[in-house]
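**Q** Need a 3D model of the following:
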Amino acid sequence: MTRVEELIKEFKEIAYNPKKQLAKYTEQGKKVIGCFPYYVPEEMVYAADMVPMGVWGKHGTPNKAKEYFPSFYCTIAQMGLEMGLDGTLDGLSGVILSSMCDTLRPFTQNFRVAVPQLPFMFLAHPQSRKPEYGIKYTMTEYNRVKGQLEEIAGKEITDEKMYNAFRVYNESRAARREFVELAGKHSDVISAVSRSAVLKSAFFMLKDEHTALVKELNEELKKMEEVTPKGAKVFTSGIIMDNPKLLQLFDEYGLVIVGDDVAQETRAIRMDVPMDEKDPVRALAVQFANQDNDTILYDPTIVTRPLYIAEQAKKAGADGVIIGMMQFCDPEEIEYPSLRKALDEAEMPHVKFGYDQQMVDFGQARTSLQAFAENF
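**A** Next comes the predicted model:
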């Protein structure tokens, strides 16, 4: 087994067994904080000497969560609540939930009521995030969460600790961005499934530990000769696209992911924390203010993000775009006509299929991906 294969195996074991990671950290005496999507300032958790652990739902069918949600509800929210109700999140010392969309807002309050045993931190980001008043509002929210984290940790989160966390996280984002670029050039050893595992595992590890592995993988890939994909090079977009059964279809039809705008993947690592702000909380607020091109972030033009997707796909050298649209996601559904228009005008072929975490049969995706691949 080559070192690349060993590293990929380690990433997969972590990505597909977060419960084992949770047990590992708690056995070490560390407190773990569940960080739900989106834009939770994990750096503050890290600065409190606790472990931020991503909670993006899980594959399966909601059972207990059905008592709180209608069936036509985003499965990330449904399965996130299910994890709290079925004991999956037992062992956490607290959770941070944000309210970035009309689905997440009621979800946060249902979670607060349904899972009272977990210390709950509510985070309300402003939609008008860029003006000074928006930055100040974000700072108020972050300072409140910071105080709650300090109470759970039993220690003060110092400015020194915060800036150290920024360095750790900025380094992590840089390493993952480099991996995304390298993965598309080495499709002979980095499959779609492997690529996802490397990126997904970051949510279940301390970032310095994860970065060390990613950097080693990047160096190993740099030693190897770049390969020309046998099939089409694609750019993916959506909220989450991590089901191995779905990703195996990419590999089966020779579709090589050369870039993405998936919220759980590259969208999560686009923006570093600025290191030149005197107030570390303001630095985090400015980082959020600088975030753009996301379906759940306010954009008065409504067309900037579709143009951005087309531009990024071309920049990555993609032959086409694959959109995995989360079922019952109003922002994504509302955006799609303008996204389709932008891709058509850029002469960028694309295909769209529905996706959620309850799916076990990807028949629609198989048909769409097969037909798409046959065009190249």
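
**Q** Tell me which stretches of the stretch 251-376 of the chain form strands.
**A** 256-262, 320-326, 350-355 (DSSP state E, counting those that start in this stretch).

**Q** any idea which of the ones you listed is most buried?
**A** Highest mean neighbour count among these (mean count of other Cβ atoms under 10 Å): strand 256-262, with a mean of 25. No exception for glycine: its C-beta is placed from N, CA and C like everyone else's.

**Q** State the mean pLDDT of that one.
**A** For strand 256-262, mean pLDDT is 97.

**Q** mind giving me CSV with the strands of the stretch 251-376 of the chain and columns for distance to S99?
**A** Listed next are those as CSV, based on distance: least, Cβ to Cβ, whole Å:
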stretch, distance to S99
strand 256-262, 21
strand 320-326, 17
strand 350-355, 23
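
**Q** Looking at the ones you listed, spot the one closest to E171.
**A** strand 256-262 (20.7 Å; Cβ to Cβ).

**Q** Which elements pack onto that closest one?
**A** Strand 256-262 sits against helix 159-183, helix 192-200, strand 233-238, helix 304-315, with contacts defined as 3 or more Cβ pairs under 8 Å, 6 or more residues apart in numbering; DSSP states H and E.

**Q** Return the distance of the second one from the chain's centre.
**A** This points to helix 192-200. Computed by Cα atoms, centre = their mean, to the nearest Å, the chain-centroid distance of helix 192-200 equals 12 Å.

**Q** re the thing from before, tell me which of the helices and strands packed on strand 256-262 is the most buried.
**A** Here the criterion is mean neighbour count by mean count of other Cβ under 10 Å, and of those the winner is strand 233-238, at a mean of 26.

**Q** May I have that one exported as PDB, CA atoms only?
**A** What follows is strand 233-238, C-alpha atoms only, in PDB (Å, rounded to 0.1, in the frame of the first residue of the first chain):
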ATOM      1  CA  LYS A 233     -13.900  17.300 -15.900                       C
ATOM      2  CA  VAL A 234     -16.800  18.700 -13.800                       C
ATOM      3  CA  PHE A 235     -17.500  21.400 -11.300                       C
ATOM      4  CA  THR A 236     -20.000  20.500  -8.600                       C
ATOM      5  CA  SER A 237     -22.400  22.800  -6.800                       C
ATOM      6  CA  GLY A 238     -24.800  22.300  -3.900                       C
END
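
**Q** How far does it sit from its chain's centre?
**A** 15 Å.

**Q** Same check on stretch 95-113?
**A** 17 Å.

**Q** how close does the residue nearest in space to the middle of the chain sit to I296?
**A** Nearest to the mean C-alpha position of the chain, by Cα atoms, centre = their mean, lies Q264 at 1.8 Å. Counting by Cβ to Cβ, to the nearest Å, the gap from Q264 to I296 is 13 Å.

**Q** domain ranges for this structure?
**A** 1-26+158-228, 31-155, 229-376 (automatic domain parsing).

**Q** first vs last residue of the shortest one, how far apart are they?
**A** With Cα to Cα, to the nearest Å as the measure, the ends of domain 1-26+158-228 fall 23 Å from one another.

**Q** again with the second one
**A** Terminal residues of domain 31-155 are spaced 12 Å apart (Cα to Cα).

**Q** How about the longest one?
**A** One end of domain 229-376 to the other measures 12 Å (Cα to Cα).

**Q** begin at 17 from here
**A** In the new numbering, first residue 17, that becomes domain 245-392.
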